[in-house]
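[1] Turn this into a structure:
(2 chains)
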Amino acid sequence: MHKLITVFLGTIAAAALPIAEAANLPDGIAQSVYTTGLTRPTQITFAPDGRLFVCEKSGTLRIIKNGILQPTPFLTVPVNDLNERGLMSIAFDPNFASNNYVYVFYTANVTPVHNRVSRFTANGDFVLPGTERILLEWDASRAGYHQGGGLHFGTDGKLYISVGENTNSLASQSLNSLLGKILRINTDGTIPTDNPFYNTTSGDNRAIVAYGLRNPYTFAIQPGTGFMLIADVGQDAWEEINWGIFGANYGWPTTEGPTSDPRFIGPLFAYQHHTGAVQGCAVIGAAYYNTPNRNLPDQYYGKFFFGDNCNGWIRTLDPVTHVVGDFATGGVLSPSSFAFGPDGALYYSSYHTDTPGDSAIYRIASAGDRPAITEQPQNKTVTVGQTATFFAGASGAAPLGYQWQKNRVNIPGATFSSYTTPATTLADNGSTYRVVVSNSFGSVTSNEAVLTVTSNRAPTARILTPAAGTLYTAGTNMAFSGDGTDPEDGALPASAFTWEVVFHHATHTHPFLPPRSGFKSGTFYIPNNDHTESDVWYRIHLTVTDSGGLTSTVIRDVFPRKSNITLNTVPTGLQVTTEGQPKTAPYTVTSVVGVIRLLGVVTPQTKNGIQYRFKNWSDGGTESHNIVTQPTNATYTATFEPVCAVDVTNRLSIIRSGYRRNATTGRYVQTVTLRNITGTNVSGPVSLVLDGLSLNASLFAPVGRTVCAPPLGSVYTNVNIGVDNILSPNESTAVILEFTNPSNQGILYTPRILSGTGTR
Amino acid sequence: MRIGRHYLINKIVLLLVFVLACTAGYASTVYTVTLDTSGFVGHPAAPFWLSAQLTDGSGTGNGNNSATLSDFSISPVGSASLVGGASGDLSSGVELNDSGFFNQFSQQFVTGALLSFNLVLTWNPEATLPDQFSLAILDSAGHEVPTLGMGVSGADALLSVDLGVGSTPTFHTYASDPSRSPSAGGSPISFAAVTVTPQAAVPEPSTWLQLSSAFLLVGGYALLRRKQR
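    Below you'll find the predicted structure:
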């Protein structure tokens, strides 16, 4: 149910494919590697002076100058980086040139773990020690997912913050929580008094400007216009781009995707996970192409660029016409953040792997005509006798020609984008390989990759526990252990072991335990309070490395125990909720044993014209309560009771006129006058019920028939009692009844008056 | 003094006997109903019909009330249409009796003159809903000429009155609705609300009998007193 996709990890499943494919871009536009060597980049932002700042999830804030990653981080903050927690984003003060203020969103590694926005003061390429000023702090983080974490300054000089609901979906609809919101604060952490809920909330909640969001990981504000577009990562069906509107409620968890519910602001654009022309599973924003310098064609100027972490595409949204257009239809490697550089090119961070140093920043810009290397060949280590394959990506005017070189000498026949060596010998050790790419406009030579050939034989890794086929229960510890042997080294020591656990959901993954080395066994806790979907599992990776540097990796998938939860209602067919999302009973969902589910009801609600209110749950739980998924199938029944209108007949005098047959319509008319004869108000709406109406006659245009307040089946009409909806003492009102009576027989009935909002 | 006191007592007794005898025979009030029909002359929605109806509140057609219309000032065209407990015509007078649920008299008439007639209503209350007498003018399509009664009662009546409700009739009268045209066409017709003027009470036949009895009683009592003297 509860898709916990987040953004940056949607395609970690592709970790085994560190090589970027060529992006499918419009003619004349090419993608190239801008900077490598990054680790789990979550967001990129250009400083006003042109430096590119990169947030790494582990808490390091890196600087790239002229394409070169600076070795020393600008800032390192102690973070808790479990799951989707960590260093999320950075924003520069509008007066950065004079005050050097930077603002950072991160998960503080303190007790309790919680998110925080702080301001630091920069000094060149480093932060001044001791300058952290905490501006805003959240309550304890209940789960590792749905942090949100976007930071941007608006054109009004205020700092805007996007915050996820931290898997507490109901908090999104509460103005007493900072979760699932867009917030707005001053640069000193105070709250602007013109925030829309400033006078109706208290404390930090006064910072709320919009709510009803799930995981707004990124957003962007257009220079000049101030238009805000929010990329709200959805559950398992929809991804949304929402207008940033003061006071807006975007509907999560009651609704997701397009909606006509007048309570909510529907998305400006939404796409689905498995159907439609545009598909994906985690929307990533966001950047407006409004840079002073232009690089991309003018047709893209002023557009909002967004992408999908799972499906690897980039699209544009026109903020004026709201038209969505293609840009890169594929080949964009797990984007986690977009930014336009001062050169007018589009940059994005690629978070496709947890492996340290394996992530990169890509640049998308006009290609020109000359060829360019978009993917550099990588070093290889193989055992003697094995082959090695090198690959290079390139762009430029077609046709492109490739010529691989070994030790800078052309290799006959090696004229494709990849090259596989013959079976290697020890003599090949230390050889370099590169490729020259050329077209009619020129040529470019890639970096050299080094081939290491060793007589060393690869080790063998083995996961001993959990055994294959092991099932897990959420909320418990999972023990793991393994061993590793090497033909040369024998049994490998603990220092040779590297463990990683990746959480899989459907076709994408989430970070769970990043690579850790130095132990042969351990345990990890499987949470029971975040993901509620059942198409999930954990994949344990064990990599052993021998003394010669050769590695062996094995995996073990651990799947969950499952059971069905069935939700019924009495009467049947009413709406209940799971994790706040409405479902029509009977509703059965498969759940992971041990996972905590939030059951609720929609109350009051109306079905077949009858209004119902919640009475009780079969398990004795409150209207909204948690349950733990049991090892066996379980049924929970919510009982409702009808809410009927109140009979106030004895509180009114009812004066009925005689009948007159309207010759024009052929219908009989009668005036009924009601007067409140008590000393207290009668509240509306008021309905006049005609019990026992003669069979030969029918009330013309009745509102309905009684279905709740007996006697049932009587026709009724509503009586206008004025805009105050109250019939005060001695106040009277009249209603004209019309009857069809083709046989011109007597019209008899007994009047009854019902009041209140209950069902008639 | 003694003789004078007896004389006074006798006169008082005589008066009481007379009053008691007379009140035993209720005499209904005659109302003259008048409508200026000059606004109907030459209108494309012609010809026009006078329609009077009496509905039975009991729903059983119990025949406990009637409306008598007489002394019409207008000239009929063709013959009258009678439904249910309706009888008579313009020259002899019309009676509507609630012996059916729906009782109606309709008569095409010559417009232009002052339409007037005398109306006598009986006044017997029903147990649940009242009987209702009402009037309307119908156009050539058989539809009611618009009046302001539509907004009040849901029908384009000229006049309506619930029988047996209260001690005396409450007539609801309505002028033309200047915003609506007749269904049969033409522009809205302008006319003032009908006037309903009470005339002297007209004793009913039974009342004449009771009045005669009262005179006989008084005469008999006077004769008896004279013999006693």
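[2] Near chain A, which residues of chain B are found?
    Within chain B, the positions lying close to chain A (CB under 8 Å from any CB of the partner chain) are B:51, B:53, B:55-61, B:84, B:100-102, B:104, B:128-132, B:134, B:136, B:138, B:142-144, B:152-157, B:160, B:162-163, B:183. (C-beta placed from N, C-alpha, C; glycine too.)
[3] what about burial for those residues, which qualify?
    When those are checked for burial by 16 or more other CB atoms under 10 Å in any protein chain shown, the buried set is B:51, B:53, B:55-61, B:84, B:100-102, B:104, B:129-132, B:134, B:136, B:138, B:143-144, B:153-157, B:160, B:162-163, B:183.
[4] can you give me the helices in the stretch 51-200 of chain A?
    Under the criterion DSSP state H, counting those that start in this stretch, helices of the stretch 51-200 of chain A are mapped to A:96-99.
[5] Could you list the low-pLDDT ranges of it?
    Under the criterion pLDDT under 70, no range of the stretch 51-200 of chain A is flagged.
[6] show me where it has strands.
    A:52-56, A:60-65, A:68-69, A:75-76, A:87-92, A:101-108, A:114-123, A:126-127, A:133-140, A:148-153, A:159-163, A:181-185 (DSSP state E, counting those that start in this stretch).
[7] for chain B, what spans make up the helices?
    Per DSSP state H, chain B carries helices over the ranges B:2-23, B:149-153, B:205-228.
[8] Show me the domain layout of chain A.
    According to the domain assignment given by automatic domain parsing, chain A is divided into the following structural domains: A:7-367, A:374-454, A:463-558, A:562-642, A:646-755.
[9] For stretch A:548-566, buried residues please.
    A:Gly548, A:Leu550, A:Thr551, A:Ser552, A:Arg556, A:Val558, A:Phe559, A:Pro560, A:Lys562, A:Ser563, A:Ile565.
[10] Quick check: phi and psi on the residue of the stretch 451-600 of chain A found nearest chain B?
    Closest approach between the stretch 451-600 of chain A and chain B, counting by CB to the nearest CB: A:Pro571, at 37.6 Å. Backbone geometry at A:Pro571, expressed as degrees, to the nearest 10, gives phi -70, psi 160.
[11] quick one: contacts for it?
    Contacts for A:Pro571 were tallied using CB atoms under 8 Å, 6 or more residues apart in numbering or on different chains; they are A:Lys607, A:Tyr612, A:Phe640.
[12] Of the residues you listed - the most surrounded one?
    Neighbour tally across those (other CB atoms under 10 Å in any protein chain shown): the maximum, 26 neighbours, falls on A:Tyr612.
[13] Touching, that residue and A:Val643? I think so.
    Yes: under the criterion of CB atoms under 8 Å, A:Tyr612 makes contact with A:Val643 at 6.6 Å.
[14] Between these two, which contacts overlap?
    Between them, A:Tyr612 and A:Val643 share these contacting residues under CB under 8 Å, 6+ apart: A:Pro604.
[15] And the closest residue to A:Leu652 other than its chain neighbours, how far from B:Asp131?
    Counting by CB to CB, 6 or more residues apart in numbering or on different chains, the nearest residue to A:Leu652 once its immediate chain neighbours are dropped is A:Leu674, at 4.9 Å. Between A:Leu674 and B:Asp131 the computed distance is 22 Å (CB to CB, to the nearest Å).
[16] got it, and A:Thr545?
    Counting by CB to CB, the gap from A:Thr545 to B:Asp131 is 107 Å.
[17] Pull out the buried positions in stretch A:403-413.
    Within stretch A:403-413, the residues that count as buried by 16+ other CB under 10 Å are A:Gln403, A:Trp404, A:Gln405, A:Lys406.
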